[in-house]
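# Need coordinates for the following:
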Amino acid sequence: MTRGPISRARTALTGAAAAALVLTATADAWADPSWSVTGGAPTQRGREVTYTVTIDEGTLDDNNGYVTLESPAFVKKVTIKAKRFREGKNGLHYAQAAGMVLCDITPGHYPVALKDHGEGKALDTAELTVVPEMDPGNRDFCAGPRSYDEVADKTSEAALAGEDEEDGGPGTGTLIAVGAGSAVAAASLTALGIYALVRRRARAAADAPATEDDDRSW
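Model prediction:
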């Protein structure tokens, strides 16, 4: 007997449900209670969303150790290096990190995966809810001409990258701010110097005795 559309739809849904159960079981099998990612309040498009990551000390033994947060809703994955973590009371280590949500993504629910060195299966997952509402200012931000690379430079991930460049020294943003401040200060000092020089010359001219050349009418 030929199956109708409803029957075929039921079969497809049953297969999808079975696949979801398999994926859930696999994730649970890989889950490590010492690894977790929590937080992530409902967020508008084009905004940052912050998560708290918990890991065990073994990951931090390697000086190059790091973990990543990855989501199809993020502009790009978030890398959290070992030096960002702080030890908690229970011997585990904690860090906070923020990812930028894409401007053109469809509102809905998206997974956020925590991975060791950005490889393998997710050691834990959290859910990100992207809401349909957008504040007027945020809507203008997303409608602007800036590229995703420029948007990503506003995220905590970019701040971490800036720290890594100098290993504790001033990042690019700091250097730009210092350079701009120095330029303003130099311009101000130059203006003050010129003003003082003009005042001194005017005072000297006023105090100088009159000469024959000065005794003339105009």
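
# mind exporting stretch 76-86 as CSV, just the C-alpha atoms?
Extracted C-alpha coordinates of stretch 76-86, given in CSV (Å, rounded to 0.1, in the frame of the first residue of the first chain):
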residue,chain,number,x,y,z
LYS,A,76,33.5,33.7,15.2
LYS,A,77,34.6,31.3,17.9
VAL,A,78,35.8,32.7,21.2
THR,A,79,39.3,31.6,22.4
ILE,A,80,40.0,31.6,26.2
LYS,A,81,43.6,31.1,27.1
ALA,A,82,44.9,29.6,30.3
LYS,A,83,46.0,32.9,31.8
ARG,A,84,42.4,34.1,31.8
PHE,A,85,41.3,31.5,34.3
ARG,A,86,41.2,32.0,38.1
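
# In it, which residues are buried?
Buried residues in stretch 76-86, defined by neighbour count with 16 or more other CB atoms under 10 Å: Lys76, Val78, Thr79, Ile80, Lys81, Ala82, Lys83, Arg84, Phe85. Using the backbone N, CA and C atoms, a C-beta is placed for each residue, glycine as well.

# Then stretch 120-139?
Residues of stretch 120-139 classed as buried: Ala122, Leu123, Asp124, Thr125, Ala126, Leu128, Val130, Met134 (neighbour count, 16+ other CB under 10 Å).

# Could you grab the helix/strand/coil label for Ile105?
Classification of Ile105 using DSSP: H, G, I helix; E, B strand; the rest coil returns coil.

# how many neighbours does it have?
Ile105 is flanked by 16 other residues according to other CB atoms under 10 Å.

# from what I can see it touches Thr129, true?
No: using CB atoms under 8 Å as the test, Ile105 is too far from Thr129 to be in contact (11.7 Å).

# Please tabulate the buried residues of stretch 76-86 in a markdown table, including the columns secondary structure.
Converted to a markdown table, those look like this (three-state DSSP):
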| residue | secondary structure |
| --- | --- |
| Lys76 | coil |
| Val78 | strand |
| Thr79 | strand |
| Ile80 | strand |
| Lys81 | strand |
| Ala82 | helix |
| Lys83 | helix |
| Arg84 | helix |
| Phe85 | coil |
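
# Tell me the pLDDT of Glu127.
Listed pLDDT for Glu127 reads 95.

# What distance do you get for it to Pro111?
From Glu127 across to Pro111, the span is 7 Å (CB to CB, to the nearest Å).

# same deal with Thr50?
17 Å.

# before we move on, what about Ala41?
16 Å.

# cool, and Pro136?
30 Å.

# do the same with Leu92
Per CB to CB, Leu92 is found 23 Å from Pro111.

# do Tyr94 as well
21 Å.

# Output the below-cut-off pLDDT ranges for the protein.
Scanning the chain for pLDDT under 70 picks out the ranges 1-33, 59-63, 145-218.

# quick one, longest strand in it?
strand 119-130 (DSSP state E).

# And it, what does it pack against?
helix 5-30, strand 36-39, strand 108-116 (3 or more CB pairs under 8 Å, 6 or more residues apart in numbering; DSSP states H and E).

# Pull the residues that contact it.
Residues outside strand 119-130 that contact it (CB atoms under 8 Å, 6 or more residues apart in numbering): 26-27, 30-32, 35-40, 42-45, 49, 51, 71, 73, 101, 105-116.

# wait, isn't Phe74 in contact with Gly99?
Yes: counting by CB under 8 Å, Gly99 is a contact partner of Phe74 at 4.2 Å.

# Counting neighbours, go ahead and name the busier of the two.
Per other CB under 10 Å, whichever of Phe74 and Gly99 has more neighbours is Gly99, with 26 against 23.
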